[in-house]
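Peer 1: Give the three-dimensional model of this entry:
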Amino acid sequence: MFGTVMNGSVFISFRMCVLGTRLLKDIHISQCNKTVGGELYNLFCPGNNTKSCDPYFLANNVSIENGIKGLASGVFLTNLGDSFLEDGQYIAKSHDPEEINRLDRPVYNQVMADITTSFTLLIGIFFPSVTGIMAGSNRSGDLADAQKSIPIGTICAILTTSTVYLSAVLLFAGTVDNLLLRDKFGQSIGGRLVVANIAWPNEWVILIGSFLSTLGAGLQSLTGAPRLLQAIAKDGIIPFLAPFAVSSSRGEPTRALLLTVTICQCGILLGNVDYLAPLLSMFFLMCYGFVNLACALQTLLRTPNWRPRFKYYHWSLSFIGLALCIAVMFMTSWYYALMAMGMAGLIYKYIEYRGAEKEWGDGIRGLALSAARYSLLRLEEAEPHTKNWRPQILLLAKLTSELVPKYRKMFTFTSQLKAGKGLTVCVSVVSGDYSRSSSDAISAKQNVAKMMEEEKVKGFVDVLISREISEGISHLIQTTGLGGMKPNTVILGWPYGWRQSEEEQSWHTFLHAVRVITASRMALLVPKGINFFPDSTQKMSGNIDIWWIVHDGGLLMLLPFLLKQHRTWKNCRLRIFTVAQMEDNSIQMKKDLKTFLYHLRIEAEVEVVEMTDNDISAYTYERTLMMEQRNKMVRELRLNKKESLGMVDFNEIPSEENMPLVQAIVDHHHDIKATKNQTQEQKSRTIRFQEPSEKDEDKQNQTDGSSEKSPTPSNKSPAATNNATSGDNPAITPDENNVRRMHTAVKLNEVISKRSYEAQLVILNLPGPPRDTKAERESNYMEFLEVLTEGLERVLMVRGSGREVITIYS
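Peer 2: Residues are numbered from 1 along each chain as shown. You can find the predicted model right below:
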């Protein structure tokens, strides 16, 4: 401070030798002249020859100038302008290119810039020296009243450091010559420190003070950083730092200290701290920026536990601070800023992926919660447009007695449908009383979540305790979801071993779930032969065959398309089979379906299979008779059950006004006139699955009653009659309706097995369950499904919700 008001002989030692406008180094003031034979002359004129002299030396005079001019000199105004140089340019008063550029001439003893400078770069170099304002916050654990001391102490620290550092900058600009200010290492004054030479009472005050201050700051960092590193390692935030959590016998973090020393040594070996200072500035600025961001988010999200005591706080101040931090980062060095942000992002994602086992209450989770709430409120509960339809999956997972999911491949299959990018919820039902079995629910939930993680299924888990499994499934189907985020597709396992069970519960739960799903207007997927489905690591090649018997919204086409997005099914080809009768125009039907698939942008082969309504074979009668005899045996074992014979109802075809496009194509080519001329008996023998209306069903039930009295079918072949009556009890003959349904299942199975015996996956319609819940009718339905899928290794039965899920306008 004393030197800022002095000007004269006191600072005569700070005189500089200047050639023209260029600053010179390594020359004594007494030799600062162009005398022939002098030190300066011999330097610029090798061999003491005027002809060999440097042209710039000959054209300019030598002058001696004071390095420190004092406030009264008016040098402050001169220093207001910018004097930035590039690496290798001369330090000169003039900015003329001829004055500052080398022009392929020797350097001699002229002072040069060793680094390219700019306003932003100098901010990055200067900023680390003013980063002590968070020292109080870092020691909050040692404060008696942190919430009172930190705001006051931090504000005072900011005001103090700002006053000291800004006044130092202004005073240097008002007293020191521009040439000396840019002489980074003081080469023009013999390498001495300007501040030390103007200090009172002696230069050693500054020299010793600077040394001790630097040493103290280094030791503080060297002792504090290892403990911080050890604390991070102990918290398990970054798993690979776990070895550094160990302390020595004296409680010192030796390993962390060695790592810190290694990092510091790498910075020292750079040889120039100016290269490292901008990167350090980025980390400090990111620290301050994230503090501001956290405060602003907590305020805007109105977190209940965010209650700042400082009454002058406002969230806009935090955003201003954040904006300034980001601005200074990119002003200083945009590539360093991107590098620092990239490093911070990688560390955050690594912590989130590997080490985020503890909840730290970070603001990102609060932001995610608010965003989720906002999105759910905006999401309509009504049916989405066809373009926005995607499978929101509800997986009903069956558990073993150990409360572990029984079929792992159900989760594998679910993960292979993740291309739909929809909601996935995996649920299970545990039989019991919740007040007594709540621990079972927790254990089951953990097991299901573990299997989801192993099979890479991203979604939610829920487990319900219910006295009845079927009722629990019904409750889950009705209540799972929130607002517009509700499942629209259910994956339900096939009840294996239902034939061997004497209790109807084995298939009753399955059929009850199917009925509830249908009533909820949700799609249903039933994978059969689930243990033969591929793992996610396998790669299948071959065909995925789609047997489109009932056209109920295009789900049969959308599912294989989603499966093909997964690497397991990526190499498979799609083949679509649709069933036609002899009177249909099969050629035109195939052409129209190909055109329709082209507009849907789905690549698939199309085949139209014509099925004739032949006489019912003896095999059909035999299968029907075996089914009914089994039902009779089971019925006799249950004396409390009434006998009943009934037909099987199949999938309901949408009404005319809601008919999907593919159904319209198929029906368009059907011979209407031939259909009108069919008898009622011929209509009942058509190949297409059909679910009669309630009025028709009542009429059919009356027919069933009469068939019990006269069970002889009217449309069986003689061979079949002989075969059917050749048993121990000739009076037993199969019911006509059961024979007709069995005939449909057998014929379809023959065609599917013939065409798709080598297919990797067969996808077909799941016929609707009977409306009547009598045990025998349900058993018949299950038997027909077994016949329909007999001999097929992997089958996916699909029952759509009745609405279009795929469109050409997307």
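
Peer 1: Around Leu559, how many other residues sit close by?
Peer 2: 23 (other CB atoms under 10 Å). C-beta here means a position set from N, CA and C on the backbone, and glycine is covered the same way.

Peer 1: Which helix or which strand is home to it?
Peer 2: helix 555-564 (DSSP states H and E).

Peer 1: Just list what that helix packs against, helices and strands only.
Peer 2: strand 541-548, strand 571-580, strand 761-765, strand 795-799 (3 or more CB pairs under 8 Å, 6 or more residues apart in numbering; DSSP states H and E).

Peer 1: same thing but 10 Å
Peer 2: When contacts are defined as 3 or more CB pairs under 10 Å, 6 or more residues apart in numbering; DSSP states H and E, helix 555-564 packs onto strand 523-528, strand 541-548, strand 571-580, helix 586-600, strand 761-765, strand 795-799.

Peer 1: Rebuild these as JSON lines, extending it with distance to Tyr336.
Peer 2: Below are these laid out as JSON lines (distance: least, CB to CB, whole Å):
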{"stretch": "strand 523-528", "distance to Tyr336": "53"}
{"stretch": "strand 541-548", "distance to Tyr336": "50"}
{"stretch": "strand 571-580", "distance to Tyr336": "46"}
{"stretch": "helix 586-600", "distance to Tyr336": "50"}
{"stretch": "strand 761-765", "distance to Tyr336": "53"}
{"stretch": "strand 795-799", "distance to Tyr336": "54"}
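
Peer 1: got JSON lines for the ones you listed, with mean pLDDT, mean neighbour count and distance to Leu377 too?
Peer 2: Putting the helices and strands packed on helix 555-564 into JSON lines (pLDDT from 0 to 100; neighbours: other CB atoms under 10 Å; distance: least, CB to CB, whole Å) gives the following:
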{"stretch": "strand 523-528", "mean pLDDT": "93", "mean neighbour count": "23", "distance to Leu377": "26"}
{"stretch": "strand 541-548", "mean pLDDT": "91", "mean neighbour count": "20", "distance to Leu377": "39"}
{"stretch": "strand 571-580", "mean pLDDT": "88", "mean neighbour count": "19", "distance to Leu377": "39"}
{"stretch": "helix 586-600", "mean pLDDT": "83", "mean neighbour count": "16", "distance to Leu377": "33"}
{"stretch": "strand 761-765", "mean pLDDT": "91", "mean neighbour count": "25", "distance to Leu377": "37"}
{"stretch": "strand 795-799", "mean pLDDT": "92", "mean neighbour count": "23", "distance to Leu377": "32"}
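
Peer 1: Mind picking out the helix or strand in this structure with the poorest mean pLDDT?
Peer 2: Using mean pLDDT, DSSP states H and E, helix 718-724 stands out as the lowest-scoring helix or strand of the chain, at a mean of 39.

Peer 1: just checking, next helix/strand downstream of it?
Peer 2: Following helix 718-724 in sequence order, the next helix or strand is helix 736-756 (DSSP H and E).

Peer 1: Please compute how far that next one lies from its chain's middle.
Peer 2: Mean-position distance between helix 736-756 and its chain equals 46 Å (CA atoms, centre = their mean, to the nearest Å).

Peer 1: average model confidence for the helix holding Leu559?
Peer 2: For helix 555-564, mean pLDDT is 87.

Peer 1: was I right about Val205 contacting Ala196?
Peer 2: Yes. If you go by CB atoms under 10 Å, Val205 and Ala196 touch, sitting 7.9 Å apart.

Peer 1: can you state the direction angle for the helix holding Leu559 and strand 523-528?
Peer 2: With axes from the mean of the first three to the mean of the last three CA atoms, to 10 degrees applied, the angle from helix 555-564 to strand 523-528 works out at 60 degrees.

Peer 1: Tell me the buried residues in stretch 248-264?
Peer 2: Residues of stretch 248-264 classed as buried by neighbour count (16 or more other CB atoms under 10 Å): Pro253, Thr254, Arg255, Ala256, Leu257, Leu259, Thr260.

Peer 1: Distance of the first one relative to Leu259?
Peer 2: Distance, Pro253 to Leu259, by CB to CB, to the nearest Å: 9 Å.

Peer 1: next one: Leu228
Peer 2: Distance from Leu228 to Leu259, by CB to CB: 12 Å.

Peer 1: shared neighbours of the two, which are they?
Peer 2: Any residue near both Leu228 and Leu259 by CB atoms under 10 Å, 6 or more residues apart in numbering counts here, and that gives Pro253.

Peer 1: Identify the residue nearest the geometric centre of the chain.
Peer 2: Lys458 (9.6 Å; CA atoms, centre = their mean).

Peer 1: excluding its backbone neighbours, what's nearest that residue?
Peer 2: Nearest non-adjacent residue to Lys458, counting by CB to CB, 6 or more residues apart in numbering: Thr424, 6.6 Å away.

Peer 1: What's opposite that neighbour in the beta bridge?
Peer 2: Beta-bridge pairing for Thr424 (DSSP bridges): Ile393.

Peer 1: Could you check how far it is from Ile100?
Peer 2: Taking CB to CB, one finds Thr424 at 67 Å from Ile100.

Peer 1: Of the helices and strands packed on helix 555-564, which is nearest Glu383?
Peer 2: Each of the helices and strands packed on helix 555-564 has some distance to Glu383 by CB to CB; the shortest is strand 523-528, at 12.6 Å.

Peer 1: Now do the buried residues in the helix ranked longest in the chain.
Peer 2: Scanning the chain for the helix with the most residues, using DSSP state H, yields helix 203-235. Residues of helix 203-235 classed as buried: Ile206, Ala225, Pro226, Leu229, Gln230, Ile232, Ala233 (neighbour count, 16+ other CB under 10 Å).

Peer 1: For Asn292, state which of those is nearest.
Peer 2: So of the buried residues of helix 203-235, ranked by how close each gets to Asn292 (CB to CB), first place is Ile232, at 22.3 Å.

Peer 1: now the strands for the stretch 51-200 of the chain?
Peer 2: When assigned using DSSP state E, counting those that start in this stretch, the strands of the stretch 51-200 of the chain occupy the ranges 62-66.

Peer 1: still on that earlier bit, and the longest helix of the chain, average pLDDT?
Peer 2: On average, helix 203-235 scores 84.

Peer 1: got it, and stretch 281-296?
Peer 2: 88.

Peer 1: Common neighbours of Val205 and Ala196, please.
Peer 2: With CB under 10 Å, 6+ apart, Val205 and Ala196 have no common neighbours.

Peer 1: Tell me which of the helices and strands packed on helix 555-564 sits nearest to Asn292.
Peer 2: Closest among those, using CB to CB: strand 523-528, at 48.4 Å.

Peer 1: which helices and strands does the helix or strand containing Leu280 pack with?
Peer 2: Element membership for Leu280, per DSSP H and E: helix 273-300. Helix 273-300 is packed against helix 119-126, helix 254-268, helix 315-332, helix 334-350, helix 363-378, with contacts defined by 3+ CB pairs under 10 Å, 6+ apart.

Peer 1: Which of those helices sits closest to Ile133?
Peer 2: helix 315-332 (11.8 Å).

Peer 1: Could you export that closest one as PDB, keeping only the C-alpha atoms?
Peer 2: Extracted as PDB, the C-alpha positions of helix 315-332 are listed here (Å, rounded to 0.1, in the frame of the first residue of the first chain):
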ATOM      1  CA  TRP A 315     -35.200 -18.500  -5.000                       C
ATOM      2  CA  SER A 316     -34.500 -15.900  -7.800                       C
ATOM      3  CA  LEU A 317     -31.200 -15.100  -6.100                       C
ATOM      4  CA  SER A 318     -30.200 -18.800  -6.300                       C
ATOM      5  CA  PHE A 319     -31.100 -18.900 -10.000                       C
ATOM      6  CA  ILE A 320     -29.000 -15.700 -10.600                       C
ATOM      7  CA  GLY A 321     -26.100 -17.300  -8.800                       C
ATOM      8  CA  LEU A 322     -26.500 -20.500 -10.900                       C
ATOM      9  CA  ALA A 323     -26.600 -18.500 -14.100                       C
ATOM     10  CA  LEU A 324     -23.500 -16.500 -13.200                       C
ATOM     11  CA  CYS A 325     -21.600 -19.700 -12.400                       C
ATOM     12  CA  ILE A 326     -22.500 -21.300 -15.700                       C
ATOM     13  CA  ALA A 327     -21.700 -18.100 -17.600                       C
ATOM     14  CA  VAL A 328     -18.300 -17.800 -15.900                       C
ATOM     15  CA  MET A 329     -17.600 -21.400 -16.700                       C
ATOM     16  CA  PHE A 330     -18.200 -21.000 -20.400                       C
ATOM     17  CA  MET A 331     -16.600 -17.600 -20.500                       C
ATOM     18  CA  THR A 332     -13.400 -19.000 -19.000                       C
END
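
Peer 1: Thank you kindly, that will do.
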